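Undergrad: Okay, here's the prediction I keep looking at, along with the sequence it came from:
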Amino acid sequence: MTIKKTLLVWFTFALVCVNPVLANEGTIAFIGGTIIDGTDAEPLPDSVLVVTDGRVRSVGPRAAVSIPEGAEVIDVSGKYLMPGMINAHGHVGATVGLDANGEYSTENLMRQLGLYARYGITTVNSLGGDEAAGFALRNEQYRSSLQRARLFVAGSVIAGADEQVIRDQVNRNADMGANFIKTRIDDNLGATQKMSRPLFDALVEQAHMRRLPVAVHLFYLDDAKYMLEVGADLIAHSIRDLPVDREFIAAVAEQGVCYIPTLTREVSTFVYEDVPEFFSDPYFLKEADPQVMAQLQTPERMSRMANSRAAQAYKAGLEVALANVGALHAADIPIAMGTDTGPPARFQGYFEHMELQLMADAGMSPLDVIRSATGVAADCIGMSDIGTLEPGRWADFSILTANPAVDIANTKTIETVYIAGNRVPQP
């Protein structure tokens, strides 16, 4: 698996401009647990993870790792440690309840990033709708006192019917310090007009001139092939109209472009035509807003969804998407976990765990699903200091009471989450 090298180059260039701020100092050793490190390695039983100043200092078998003198020692025997998960396609900031335009503010951002963190999602790559407050939080997260999910941002989604307008939008996002440029090249099942291909060409050209990768919202196989032809960098949704073919698989493999399925995005379009099964899941209910749940269960709303042409089309699209995930995984295409959570009724934190199960249903092993949400996702968004439990990386991880490498549903057994070596506070 070769992931597009330009992502790593561009992000290395961007991150050297951010000065890390060290706050908490000290060393903690977690001993006796089984470590799933987010790499291709097998789970390591009876292991030791040493964290100093928010970063992994050493990790390995108990017999091979020295515990520094004076370190705090935490016994995690019988438990499982895995890297904090990365949502490679999410959104934060604007939604309050079922209002998509509630309030983009630091307070709302912090609330949502705290929610993600409590579910073990320690990094969110926000692909669109990001404003100045989000950029500010991104800039201050390189410190060892962090206790909420990390955030990367794309700024506004690029759209328009004029080439200069599109280039200007790219430049505005770049000037703000965006990590990605995000655009859409689908037509919302025929409801809107697609961005023309000459305009898309100009967008990709301008983004690459500004040393920024391009993430693409799409639906159709033909558009996915074209974005690869032009040199765009990240497929931000599943292909949902047709099975992927040899031509596409060969092109995506050659270019090392990552694929983000966002399967729960499809689920969210139709699941509320009835009372969802997950409304009785204690893992969902622990953070759920009863008022939002009640609003989603009104007869009028459920009837509207059941009779929605778009909802039923996306329901059919989910089956195509699942088959395509299986085919791409079998072809060793890098697949990163992403959900498109953040808009109303796409529940941040919980839907990421649902996404993991859907990826397993598509044919991925539990370990491969974990890697897609950790080390692979970090590579796909160009971040080399998160995603795995390796020396030098940020100590973002979860402690679980059951083995997720045996059953991916066991990611729901999170006992404690750490970000930069700090225990994430519970409400």
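TA: Arrived safely.
Undergrad: Backbone dihedrals for the most centrally placed residue in the chain, both of them.
TA: Geometric centre of the chain, nearest residue: residue 87, 1.2 Å, by CA atoms, centre = their mean. Phi and psi for residue 87, reported as degrees, to the nearest 10, are phi -90, psi 100.
Undergrad: How about the one 3 residues further on?
TA: Taking degrees, to the nearest 10, you get phi -130, psi -170 for the backbone angles of residue 90.
Undergrad: which non-adjacent residue is nearest it?
TA: residue 124 (4.4 Å; CB to CB, 6 or more residues apart in numbering). Glycine gets a C-beta too; all of them are placed from N, C-alpha and C.
Undergrad: circling back: for the residue nearest to the centre of the chain, list the residues it contacts.
TA: 116, 121, 123, 124, 125, 337, 338, 339, 341, 352, 377 (CB atoms under 8 Å, 6 or more residues apart in numbering).
Undergrad: Just those: which are in strands?
TA: 121, 123, 124, 125 (DSSP state E).
Undergrad: Going through these, which ones are buried?
TA: Among the ones in strands among the contacts of residue 87, those classed as buried by 16 or more other CB atoms under 10 Å are 121, 123, 124, 125.
Undergrad: Make a markdown table from the residues you listed and add distance to residue 161 to it.
TA: A markdown table is the format used below for these (distance: CB to CB, whole Å):
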| residue | distance to residue 161 |
| --- | --- |
| 121 | 36 |
| 123 | 34 |
| 124 | 31 |
| 125 | 28 |
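Undergrad: could these be laid out in a markdown table, adding pLDDT and distance to residue 278?
TA: What follows is these, written out as a markdown table (pLDDT from 0 to 100; distance: CB to CB, whole Å):
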| residue | pLDDT | distance to residue 278 |
| --- | --- | --- |
| 121 | 99 | 17 |
| 123 | 99 | 23 |
| 124 | 99 | 21 |
| 125 | 99 | 24 |
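Undergrad: Nearest to residue 272 among those residues?
TA: Distance to residue 272, by CB to CB, is smallest for residue 121 among those, at 22.3 Å.
Undergrad: Hmm, the closest one is touching residue 149, no?
TA: Yes. Residue 121 lies in contact with residue 149 (CB atoms under 8 Å); the separation is 5.9 Å.
Undergrad: And the strands in the stretch 251-400 of the chain?
TA: With DSSP state E, counting those that start in this stretch as the criterion, the stretch 251-400 of the chain has strands at 258-259, 397-400.
Undergrad: Reformat these as JSON lines; add mean neighbour count, mean pLDDT and distance to residue 41.
TA: Below are the strands of the stretch 251-400 of the chain laid out as JSON lines (neighbours: other CB atoms under 10 Å; pLDDT from 0 to 100; distance: least, CB to CB, whole Å):
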{"stretch": "strand 258-259", "mean neighbour count": "26", "mean pLDDT": "98", "distance to residue 41": "21"}
{"stretch": "strand 397-400", "mean neighbour count": "25", "mean pLDDT": "99", "distance to residue 41": "15"}
